[in-house]
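1. My questions are about this predicted structure, shown below with the sequence.
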Amino acid sequence: MTWLASELARERDEALEHGLDLLRDTWRSFDRARPDQPSMSGAVAELVSGTLPSNGVGLRQALDDAAGVLDESLAQSRPRYFGYVGSSGLGSAVLGDALAASHDVNLAAESGAAYLVEQQTLRWVGELVGYPAETGTFASGGMVSNLTALAAARTRALPDSRRSGVGSSSPVVYASADAHSSVERAVEVLGLGRDNLRAVPIDDRRRMDPAELRRLVEADLAAGAVPVAVVATAGTTLTGAVDPIGEIADVCAEHGIWLHVDGAYGLPAAATMTASPLFHGLERADSVTVDAHKWLFVPKACSVLMVRDGATLRAAFAHEASYMVEEEGYAHPVDSTLEYSRPFRSLKLWLALRAHGANPFRTAIAENLRQAQELYDEVVAHPRMEPVLGRPDLSIVPFRRVPAAGDADRHNMRLARLMQLDGRVYLTSAVIDGAACLRPCLVNFRTTDDDVRSILEVADELGARLEAEQA
Ligand SMILES: Cc1ncc(COP(=O)(O)O)c(C=O)c1O
């Protein structure tokens, strides 16, 4: 070992205990603390604006600096973070991530047991949610998983499209009006054209209307278009609505259309007794997205794309490269996915599932579902709050604070911002059918009933303050 390498190794080993202490402190602070607001202290502002140092401060100091930066960043892992769709940085999975990064295996080509673990993990996720996955891949997030699935669907519907583009054919993709914008982006990136994404109307529970889907498909077929895929959402980002997968699968089966289920946020709920009936028909999908970094609690980025027929992924992505020669009968993993270099994302999920088993995951998800129902009841019972929709399917509970006078939309938008600045509870706003509201989303195993109660307490306290300022 060179002198420099041995010095660096000594410094690393000396700092290791300190790094572990920082991790321990972080996890302990999550157990008791509210979210920190992203207000920046002078020290951190200075730290994040400096130029490249010629001589470093040393690993121990750099670790402290990094911890200082993180203390002043908005951590989704905290139990009172209810914004967007959060994630919780499960500690066992954090350790898995560190181990995976240390070995840094190559998942594009031959990687020995690592690739087998990836495949096993996605089958485990399939078992958890009730999907018979043959194979699939891990991706950075729901965005890339949805893109990967739609690339496979495009290749199946238009086999020449990889070589010659979509030409004069009119490819069409269908998704509910409330589908995540990643579907629209994927359609754009794949060259299918945003105008060819049909926003299928939704019912009064904001679920895709299968009769409307059938009507649109039949009209498109009559006009000579090529239906490429239907994307059913299993838990919309806006309200947590679960599209009726079985009825949508009937339409797809009638016309031979690829069915992709985007369960990035909501599908883990299929692992619970209470919510599993909502996902009836899931096993009929051609491909399914689940983001493990959402409701399976592991740190970002860890999205699972499962497919029923692995040949469809290979048809979409296989390539020959003279620097990656394949022996007969062996296909490199990169032939089934978009990314060449990618982290060993599945290890953290595998490690957490192996360490804890499926049951604690089921229990924690069921807890979030129960908490959402109770929050809904509290909103209904509260004199100054109102739900925007009926009882939630999953764990998003959009509600409004009703001011005594003035514009309720403006009041709720300002309230969301004020709550973010206040820092006790982190919520984001949303607009549903033109009505501005607060939109708590519960996907954290650390969240207690007290944490959930604090949502209405803080919203009412700060809402009253806003009204007093306006009076
Ligand atoms: C239903 C759904 N699909 C896709 C995505 C995109 O996922 P990611 O941010 O992991 O790319 C989200 C994100 O919230 C989502 O809720």
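-> Perfect, thanks for sending it. Residues are numbered from 1 along each chain as shown.

2. Point out where the stretch 51-200 of the chain drops to low pLDDT.
-> Low-confidence segments of the stretch 51-200 of the chain, defined by pLDDT under 70, are absent; every residue clears the threshold.

3. Could you tell me which residues of it lie near the ligand?
-> Val85, Gly141, Gly142, Met143, His180, Ser182 (CB under 6 Å from any ligand atom). In short, each C-beta sits where N, CA and C put it, glycine included.

4. between these, which is nearest Ala404?
-> The shortest approach to Ala404 among those belongs to Val85, at 32.7 Å (CB to CB).

5. pretty sure the closest one belongs to a helix, no?
-> No - when classified by DSSP: H, G, I helix; E, B strand; the rest coil, Val85 is found to be coil rather than part of a helix.

6. surely it meets Thr237?
-> Yes - proximity of Val85 to Thr237 meets the contact threshold set by CB atoms under 8 Å, at 6.3 Å.

7. tell me, what's touching those two both at once?
-> Here Val85 and Thr237 share the contacting residues Tyr265, scored by CB atoms under 8 Å, 6 or more residues apart in numbering.

8. From the ligand, how far off is the residue nearest to Phe399 when sequence neighbours are not counted?
-> Once its chain neighbours are removed from consideration, Phe399 has its nearest residue in Val379; the separation is 4.4 Å (CB to CB, 6 or more residues apart in numbering). As defined by CB to the nearest ligand atom, to the nearest Å, Val379 lies at a distance of 22 Å from the ligand.

9. just Leu99 next, same as before
-> Using CB to the nearest ligand atom, which is the criterion applied here, Leu99 is 23 Å from the ligand.

10. contacting residues around that residue?
-> Leu347, Leu351.

11. Shouldn't it be within a helix?
-> Yes - Leu99 sits within a helix when classified using three-state DSSP.

12. mind starting the numbering at 10 from now?
-> From this message on, residue numbering opens at 10, which makes the last subject Leu108.

13. distance between the ends of stretch 175-194?
-> 17 Å (CA to CA, to the nearest Å).

14. Pull out the buried positions in that stretch.
-> 175, 178-185, 187-189, 191-193 (16 or more other CB atoms under 10 Å).

15. which pair in the residues you listed spans the largest distance?
-> Ser178 and Asp187 (27.7 Å).

16. What's opposite the residue in the stretch 360-480 of the chain positioned nearest to the ligand in the beta bridge?
-> Of the residues in the stretch 360-480 of the chain, the one nearest the ligand is Cys450, at a distance of 9.0 Å by CB to the nearest ligand atom. On DSSP bridges, the residues paired with Cys450 through beta bridges are Ile405.

17. If we go by neighbour counts, what in stretch 373-385 is buried?
-> Buried residues in stretch 373-385, defined by neighbour count with 16+ other CB under 10 Å: Ala373, Ile374, Ala375, Glu376, Asn377, Leu378, Arg379, Gln380, Ala381, Leu384, Tyr385.

18. CA atoms of that stretch as CSV?
-> Written as CSV, here are the backbone C-alpha positions of stretch 373-385 (Å, rounded to 0.1, in the frame of the first residue of the first chain):
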residue,chain,number,x,y,z
ALA,A,373,-46.4,-0.2,9.7
ILE,A,374,-48.3,0.4,6.5
ALA,A,375,-51.6,-0.6,8.2
GLU,A,376,-50.8,1.8,11.0
ASN,A,377,-50.5,4.7,8.4
LEU,A,378,-53.8,3.6,6.8
ARG,A,379,-55.5,3.6,10.2
GLN,A,380,-54.0,7.0,11.1
ALA,A,381,-55.3,8.4,7.8
GLN,A,382,-58.8,7.2,8.6
GLU,A,383,-58.6,8.8,12.1
LEU,A,384,-57.3,12.0,10.7
TYR,A,385,-60.2,12.1,8.3
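
19. just checking, what's the longest helix in the chain?
-> The residue-count maximum for a helix in the chain (DSSP state H) belongs to helix 12-41.

20. Kindly present the residues of the stretch 60-209 of the chain next to the ligand as a markdown table, with separate columns for distance to Pro308.
-> A markdown table is the format used below for those (distance: CB to CB, whole Å):
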| residue | distance to Pro308 |
| --- | --- |
| Val94 | 14 |
| Gly150 | 12 |
| Gly151 | 15 |
| Met152 | 17 |
| His189 | 21 |
| Ser191 | 20 |
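
21. Using JSON lines, lay out these together with secondary structure.
-> What follows is those, written out as JSON lines (three-state DSSP):
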{"residue": "Val94", "secondary structure": "coil"}
{"residue": "Gly150", "secondary structure": "coil"}
{"residue": "Gly151", "secondary structure": "helix"}
{"residue": "Met152", "secondary structure": "helix"}
{"residue": "His189", "secondary structure": "coil"}
{"residue": "Ser191", "secondary structure": "helix"}
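
22. What residues does the closest residue to Thr246 other than its chain neighbours make contact with?
-> Closest residue to Thr246 in three dimensions, ignoring its sequence neighbours and counting by CB to CB, 6+ apart: His189, at 5.0 Å. For His189, the set of contacting residues under the criterion of CB under 8 Å, 6+ apart consists of Gly151, Asn155, Thr242, Thr245, Thr246, Asp271, Ala273.

23. give me that answer again for 7 Å
-> Gly151, Thr242, Thr246, Asp271, Ala273 (CB atoms under 7 Å, 6 or more residues apart in numbering).

24. ok, now Val452?
-> Listed by CB under 7 Å, 6+ apart, the contact partners of Val452 are Val94, Gly95, Lys303, Trp304, Asn377, Ser404.

25. How about Leu465?
-> By CB under 7 Å, 6+ apart, the contact set of Leu465 is Glu387, Val388, His391, Met394.

26. Pipe these into CSV and attach pLDDT and neighbour count per row.
-> Putting those into CSV (pLDDT from 0 to 100; neighbours: other CB atoms under 10 Å) gives the following:
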residue, pLDDT, neighbour count
Glu387, 98, 16
Val388, 98, 22
His391, 98, 16
Met394, 98, 19
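
27. Out of the residues you listed, list just those in helices.
-> Under the assignment DSSP H, those contribute Glu387, Val388 to helices.
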